[in-house]
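Undergrad: Mind looking at a prediction? Sequence and model below.
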Amino acid sequence: MEEKPKMGESQENKLLAAVSYLWIISIIILVVKKDSKFVQFHAKQGFIIFIASVIFLFIPILGWLLNLLIIVVVVLGFIKALSGEYWRVPLVHGIAQKINF
């Protein structure tokens, strides 16, 4: 079930949520923007994607192909966050929700 975006989510929160998909930046946003459920939702997913991409770098060929898939997921997450949507990234969302900062 998709979570509905809060009415009036600020442009700043949408931008921070989108930028949180850009790998290591997710860690900074997780720590700095604790007051927004929307930003935290996307930053947690961005963090898990970042960890996966680092791991995949050490796996020849298959890992590199998986990193191409990650780039697609990052672009989609960026777009969804900018539009104010909660988007549950398959396989990532469940793990991301276990993170408590």
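TA: Done, it's in.

Undergrad: Pull out the buried positions in stretch 70-89.
TA: In terms of neighbour count (16 or more other C-beta atoms under 10 Å), stretch 70-89 has its buried residues at 70, 73-74, 77-78, 80-81, 84-89. In short, each C-beta sits where N, CA and C put it, glycine included.

Undergrad: Now do it, average pLDDT.
TA: Per-region confidence: stretch 70-89 scores 95 on mean pLDDT.

Undergrad: Any chance you could list what contacts it?
TA: For stretch 70-89, the external contacting residues (C-beta atoms under 8 Å, 6 or more residues apart in numbering) are 2-5, 9, 14-15, 17-23, 38, 41-42, 45-46, 49, 52-53, 56, 92, 96.

Undergrad: just checking, residue 39 touches residue 16?
TA: Yes - the pair residue 39 / residue 16 is scored as a contact, 5.0 Å apart, by C-beta atoms under 8 Å.

Undergrad: neighbour count winner among those two?
TA: residue 39 (26 against 21; other C-beta atoms under 10 Å).

Undergrad: Tell me the helix or strand right after the one helix or strand residue 13 maps to.
TA: Here residue 13, judged by DSSP states H and E, is contained in helix 11-19. Once the chain leaves helix 11-19, the next helix or strand it forms, by DSSP H and E, is helix 25-32.
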